[in-house]
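In: based on what follows, work out the 3D shape:
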Amino acid sequence: MKLFASQEERLVSGCKANQRAAQEGLYKLFYAEMLRICYRYLKADELAVEALNAGFLKVFQHIGSFDGKKGELGAWIRTIMLRTCIDLGRKEARFYEHNGDDQEIDEVVVEPEILDKLYAQDLLHAIRQLPGATQLVFNLSVIEGYSHKEIAEQLQIGESTSRWHLSEARKQLRTIIHPEHISSNKPTENKNTAT
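Out: You can find the predicted model right below:
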């Protein structure tokens, strides 16, 4: 663990000195993890890559403000990526204000046995099928654990709009990951058993 920490310290020092090799090393070290975050938040692959590159540009521009005593480098970079995805997602998404009664928002539950059959890649694929605004709210609420108040502040929408998008995401995901969808994507088993 100390070896990894010392590698990060060397990379941060090199980035602060604007050394191209250190910047490349930092990029390679965190590339895969940060790209997964961008894919989770943005609908189109091109937008995810755009967010990744914009996020790393911000990392390199603000690396001087990173203090290893206050937190981990990965968490600091992740926060920058997340904010970059939110900013880009907010520009791309179309939010429609929901001013109705919160009681009309249905709570949709997906049965655990359905989720057990899904792989992480299947879940990511299902989430990326949601409309952009709904996907963004779902990720912030379910994956990141933000409250509707925090989501509303981040996305500059009303709390009831955030609740509506979360409810809509759950409804749509239930349809997307219904057992018929899962079984149609999996190879069929050999049914040559004796009856």
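In: number of nearby residues for E46?
Out: 9 (other Cβ atoms under 10 Å). For glycine as for every other residue, the C-beta is placed from the backbone atoms N, C-alpha and C.
In: any idea which element it lies in?
Out: Assigned by DSSP states H and E, E46 falls within helix 45-62.
In: the nearest residue to I176 once chain neighbours are set aside sits in which helix or strand?
Out: Leaving aside its sequence neighbours, I176 sits nearest to A126 (Cβ to Cβ, 6 or more residues apart in numbering; 4.6 Å). Per DSSP H and E, A126 falls inside helix 120-128.
In: contacts for the very next helix or strand once past that helix?
Out: Later in the chain than helix 120-128, the nearest helix or strand by DSSP H and E is helix 132-138. The contact list for helix 132-138 (Cβ atoms under 8 Å, 6 or more residues apart in numbering) reads 41-43, 86, 89-90, 92-96, 127-128, 130, 151, 155, 162, 165-166, 168-170, 172-173.
In: so how far is the helix or strand harbouring T161 from its chain's centroid?
Out: If you go by DSSP H and E, T161 is part of helix 159-176. Helix 159-176 has its average C-alpha position 16 Å from the chain's average C-alpha position, going by Cα atoms, centre = their mean, to the nearest Å.
In: can you tell me the SS state at K43?
Out: Secondary structure, DSSP: H, G, I helix; E, B strand; the rest coil: K43 is coil.
In: list the contacts for it?
Out: By Cβ under 8 Å, 6+ apart, the neighbours of K43 are E92, R128, L130, G132, Q135.
In: tell me which of those is nearest to A48?
Out: R128 (9.4 Å; Cβ to Cβ).
In: where does pLDDT dip in the chain?
Out: The model of the chain has pLDDT under 70 over residues 1-5, 93-121, 179-195.
In: now do 90
Out: 1-8, 36-37, 39-47, 67-71, 86-137, 139-146, 151-158, 162, 169-195 (pLDDT under 90).
In: tell me how it divides into domains.
Out: 2-92, 102-185 (automatic domain parsing).
In: rewinding a little: separation between the residue nearest to I176 and L173?
Out: 6 Å (Cβ to Cβ, to the nearest Å).
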